[in-house]
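Visitor: pasting the sequence and the predicted coordinates here, then a few questions.
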Amino acid sequence: MSTTSPYLRDQGRGALSSGAIAARQSSSVGLRRILPEAVGIVVEIGAGSGASLSLYDAQKVERVIRVGSPGRRRREGVGRSGSRDLYDGALPPLFPVEVIDARSDVISLASASADTVVSTHALSSVACLATALAEVRRVLRPMGRLLFIEHGRAQGRRMARWQDRLDPIWSGLMGGSHINRNISRMIENAGFRIEYLDTFRQSSLPGVFGLQVVGIARLR
């Protein structure tokens, strides 16, 4: 029986991978598209604010393990335990939540221990994307899925060139984040099959900085 949400079934990959960029939206819109697809034991990498916890389907999620640096959680006002700030003012979720202090490219979990990995701007921020994706592969069980929302590389050459020019400035100001990585291609090259892919412009950022890619990929 398929676990695909009605939203994804109605839209389908074909309608979303044409390269057309939707109207400006917030990142939360992208998260609402993919997080209901998470199942079983979920590992969040680059975990920051706990606002995303309310977007999971509690009937499909067994447990959420949030992997992130203490510094990032402090900047985003996130607590370590079950305190109210961990859930960003919302009611605690109906599944256990664990927080682990670690980098996204060194996940301190056993191999094949997760059904779903969620990356929210972690893959566009790690120093070595190939290493981070290798870690995601390691912790996922066979046929596990990676759900991601990241900064994305523009398809148009002109905007992509501007992203390349401005990326060093952006990265220096934003703690190592990158705006010019072809995230979906690198995910495919790491041994995943893209099942869903869309792009949009984040409403709070200028165009060259605001391109976002949201998707779901499954281990081959």
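Guide: Good, I have the coordinates.
Visitor: A strand includes residue 118, no?
Guide: Yes - counting by DSSP: H, G, I helix; E, B strand; the rest coil, residue 118 is found in a strand.
Visitor: beta partners for it?
Guide: Assessed by DSSP bridges, residue 118 has beta-bridge partners residue 44, residue 147.
Visitor: wait, isn't it in contact with residue 145?
Guide: No - counting by Cβ atoms under 8 Å, residue 118 stays clear of residue 145, with 9.4 Å between them. To be clear about C-beta, it is placed using only N, CA and C from the backbone, and glycine gets the same treatment.
Visitor: low pLDDT regions in the chain?
Guide: 1-26, 48-49, 69-92 (pLDDT under 70).
Visitor: spell out the residue ranges of the helices in it.
Guide: For the chain, the helices defined by DSSP state H occupy 6-11, 27-34, 70-75, 129-139, 157-173, 183-189, 207-210.
Visitor: what separates the residue sitting furthest away from the middle of the chain from residue 208, distance-wise?
Guide: In the chain, the greatest distance from the average C-alpha position (Cα atoms, centre = their mean) is reached by residue 158, at 26.2 Å. Residue 158 is 10 Å from residue 208, where distance means Cβ to Cβ, to the nearest Å.
Visitor: what does residue 41 give?
Guide: 37 Å.
Visitor: next: residue 169.
Guide: For residue 169, the distance to residue 208 - Cβ to Cβ - is 11 Å.
Visitor: those two - which one has more neighbours?
Guide: Legend: neighbour count by other Cβ atoms under 10 Å for residue 169 and residue 208, higher for residue 208 (20 against 10).
Visitor: how about the more buried one: what's its closest non-neighbour residue?
Guide: residue 162 (4.9 Å; Cβ to Cβ, 6 or more residues apart in numbering).
Visitor: burial count for the one you found?
Guide: For residue 162, the count of nearby residues is 17 (other Cβ under 10 Å).
Visitor: what do you get for residue 28?
Guide: Considering only other Cβ under 10 Å, residue 28 is surrounded by 12 other residues.
Visitor: next one: the one 5 residues further on
Guide: Burial of residue 33, expressed as a neighbour count using other Cβ under 10 Å, amounts to 22.
Visitor: that one touches residue 214, doesn't it?
Guide: Yes - when contacts are counted by Cβ under 8 Å, residue 33 is listed as touching residue 214 (6.0 Å).
Visitor: gap between residue 178 and residue 154?
Guide: For residue 178, the distance to residue 154 equals 13 Å [Cβ to Cβ].
Visitor: likewise residue 141?
Guide: 34 Å.
Visitor: so between those two, which is more surrounded?
Guide: The neighbour comparison of residue 141 against residue 154 (other Cβ under 10 Å) goes to residue 154, with 21 against 15.
Visitor: contacting residues for the residue nearest to the more buried one when sequence neighbours are not counted?
Guide: For residue 154, ignoring the flanking residues on the chain, the nearest one in space by Cβ to Cβ, 6+ apart is residue 160 at 4.6 Å. Each residue near residue 160 by Cβ atoms under 8 Å, 6 or more residues apart in numbering is listed here: 153-154, 180.
Visitor: adding distance to residue 101, write these out as a markdown table.
Guide: Shown next, in a markdown table, are the contacts of residue 160 (distance: Cβ to Cβ, whole Å):
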| residue | distance to residue 101 |
| --- | --- |
| 153 | 31 |
| 154 | 34 |
| 180 | 29 |
